[in-house]
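Q: A structural model of the following input is requested.
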Amino acid sequence: MLSGSLLTGAAAQANDLAELGEVRVGATRSNTLLEDSPRALSVINDNLIAERPGATGIQSMLAEIPGIYYARSGGLGGQIVMRGFNSNTMRSTMAVDGDRYRGRSTLEFNMFDPNAIERIEVIRGPASALWGSDSMNGVVNVVTRRAKVDRNAPFALDAKLRAIEYNSVNDLWATRAEVVGGGNGFDVLVGANLRKADDYETPKGTAENSAFKTKGVDFRLGWSPTVDTRWELAGRFQDVVTERAGGLGAAPGAPYQLVSEDPIQERHLKLGVESRNLGGFADLLEGSFYVRKWKTDIFQKNATAANGTLAAVTVNQHIRVYAPTVTGGRLNATKDLGAHTLAYGLDFFREDFEGRTVDVVRTNTATGATLATVPTRKMERGSKQTNLGFFLGDDWQVNPALTLSGALRWDYIRTEIESTPVAGESPALAAIYARVRETTEKPLTGSFGGVFKLTPAWSATAQLSRGFRAPSGLERTITSTAGTVTTLPSPELEPERNTTVEAGLRYRVNDGGFGITAYRSKYKDLILLAVVDATTRQRRNIGSAEITGLEFDGDWQIARNWTLRAAATATRGTDTSSDTPLEGVPEFVLRLAARYGAEGGPWYAEGVLRAATRRDRVNPKTERPRAGYSLVDIYAGADLGKTFGAGWKGWKLTAGIENLFDRAVANQVAAEDLRYPAGLIGNPLMEPGRAFVIKLVQNY
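A: Numbering: from 1, shown residues only. Model prediction:
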């Protein structure tokens, strides 16, 4: 378990990600201490974020948590796989500062500057009882930085260099600068970030079409009229240009298929308030209202023939996804009532997804000469989805040894599909839309569990949860073509449901400890992208599925200045309606780290092993077995203030070599195209080769 301030004793200095400790996690929407929650929780804190060269995104940091795997699609792009399911399938929820971050599940992880983040809170496992639809497998809550100032001091602002980074594998340069300060009741943080990288190198050659560049501005402006109340205006304006070398939607990569988003734009504004000590009503009340607008231009070149060869004609598509616009908000309260800690409130969002448009140019693959053009057309009907949810949670300290936790949530979910058919829509499809154009779901979800402290060091946990997911309007209407494979719309999709049983054991003493969690999730009406025939796919509800897993996370101070950490995950996914393996489920993943550094000392050194066993349980219709791997990373860091004096206070330097032995490794869960041979750099996508990384960061 990597923890910093979250753990006690000598192990705290070396650790930056924890399951246990004296910390409250906003993702649980409760004031309960993390150690008193039966949920499988992890927190990536500011120490780890400062140390890890993370300019390529937050996915690699999340992959240090058991139960999570990085599904790469390029130098920047990719998703995470949490408890067996890719985040693109919308079975896990992302939040930013406690607000739902919804709209583009394929791209959402690309939009964050890691150096703008204070911490990342993760619930592994179902949380529909707290967060509603989409939270069947977990929640990732990204908490962004805000100014730490004395509200009673005179108002002042200061310009700061937050971070600068370099990575040799793709000649990446990244930097972030901030204006911070406040006083007279105000706090101000305004940041600007730039990142730019070329195609990255693998041991087999260049991963073509993997470059990216990002630029953005974000801010959190606070005003505290009293010591108990703070109003906030926050925003983020981010522009990202990223290329997909392989993976989701881009297999098998160059030269057969080239995909890029140029650009992805996010425009986000939020008004929030938090107030404390509201008497019998609440100890803490948090409210927000936000508007988020997405806009993406996707450029796709397909030179894929049906038999898996390079086609004579290349299909060039410009797809405009100028959507969705999402408005939402929440009103959450927590209250301690004797032995009970209550959490209650409501949240809502409305997602307006205009249908995408596309224009097509067909060119000669060999010469580039234009052969034909297709004017701009609308690809599918637009849709709207409205979700209003009410939740109530209680953590009851029955006695010093036993804490019981329960949550209940009711949602109203209405999905509306545009009534006007698109050009070329078949009469049969139009008839289906007429029958299911408006649907309403009113699910009731819940969870119940407890933590029993067997001894001061040992605790046992257990939890039973029900989950629910209503398919989005886009899932019902979307149609697309990748290469020669067409995806059909699915207007008759039914909601998914799951039931999860979890049990865990935790051990914690001053020198370290561990947590182990076993779970089984059974799914009903699971939505999968089914293979209709060789060139056709469609999202469909299958009868049933099951995911089982075992997650381990531990750290131990084995000697003075030496700490060992381990995170291991075993997962098994099965489509029980057909008794076939689920696609993209890594079987066993291991991360080991050994760190040397005195507690509070000026420097440290760390070696990391990343490994996975061979994956033979695959869906034979869409993937091949994947080889196992082992990669070694080494890092060293220094606190420059403790090394060079007060003039460098707050500055930290980290340098390292990732993939030290330049091992050729294919991402275990990246998409591939079975028409092409395995072993291409993009089929499935290769991981980066040996890289020298360096990061200079200032904490303040």
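
Q: CA only for contacts and neighbour counts going forward, please
A: OK.

Q: low-confidence regions, the stretch 1-150 of the chain specifically.
A: Scanning the stretch 1-150 of the chain for pLDDT under 70 picks out 1-24.

Q: and residue 639, how close does it get to residue 115?
A: Separation of residue 639 from residue 115 (Cα to Cα, to the nearest Å) stands at 17 Å.

Q: so which of these two has more stuff around it?
A: Comparing residue 639 with residue 115 by other Cα atoms under 10 Å, the one with more neighbours is residue 115, at 27 against 20.

Q: pull out the buried residues from the longest helix along the chain.
A: Counting by DSSP state H, the longest helix found in the chain is helix 427-436. Of all the residues in helix 427-436, those buried under the rule 16 or more other Cα atoms under 10 Å are 430, 433.

Q: how far is that helix from where the chain is centred?
A: Put simply, helix 427-436 sits 35 Å off its chain's centre (Cα atoms, centre = their mean, to the nearest Å).

Q: stretch 339-347 now?
A: Distance, stretch centre to chain centre, for stretch 339-347: 26 Å (Cα atoms, centre = their mean).

Q: if you count neighbours, what's buried in that stretch?
A: For stretch 339-347, the neighbour count (16+ other Cα under 10 Å) marks 340-347 as buried.

Q: inside helices: which ones of the residues you listed?
A: Among these, DSSP H puts none in helices.

Q: residue contacts, residue 131?
A: Taking Cα atoms under 8 Å, 6 or more residues apart in numbering, we find residue 131 in contact with residue 93.

Q: okay, residue 479: pLDDT?
A: Here the pLDDT value assigned to residue 479 is 84.

Q: hmm, it is touching residue 536, no?
A: No: taking contacts as Cα atoms under 8 Å, residue 479 lies outside contact range of residue 536: 10.7 Å.

Q: where do the contact lists of the two overlap?
A: Residues touching both residue 479 and residue 536 comprise 486-488, with contact defined as Cα under 8 Å, 6+ apart.

Q: of those residues, closest to residue 220?
A: Nearest to residue 220 among the shared contacts of residue 479 and residue 536: residue 487, at 41.1 Å, using Cα to Cα.

Q: pull the contacting residues for the closest one.
A: Counting by Cα under 8 Å, 6+ apart, the residues that residue 487 touches are 478-481, 536-538.

Q: picking that back up, compare residue 479 and residue 536 (neighbour count), which wins?
A: residue 479 (18 against 14).

Q: give the contact list for that one.
A: 379-380, 486-489.

Q: for those residues, work out which two are farthest apart.
A: Spatial extent of these (Cα to Cα) is set by the pair 380 and 486 at 13.5 Å.

Q: who has more neighbours, these two?
A: Legend: neighbour count by other Cα under 10 Å for residue 380 and residue 486, higher for residue 380 (22 against 17).

Q: burial of the closest residue to that one other than its chain neighbours, as a residue count?
A: Distances taken as Cα to Cα, 6 or more residues apart in numbering put residue 355 closest to residue 380, at 5.2 Å, once the chain neighbours are dropped. Neighbour count of residue 355, defined by other Cα under 10 Å: 21.

Q: residue contacts, residue 355?
A: By Cα under 8 Å, 6+ apart, the contact set of residue 355 is 321, 378-383.

Q: now swap in residue 532 and tell me
A: residue 538.

Q: can you map out the strands along the stretch 401-550 of the chain?
A: Remark: strands assigned in the stretch 401-550 of the chain by DSSP state E, counting those that start in this stretch are 402-417, 438-441, 444-453, 458-469, 480-482, 485-488, 496-509, 512-524, 527-533, 536-541, 544-559.
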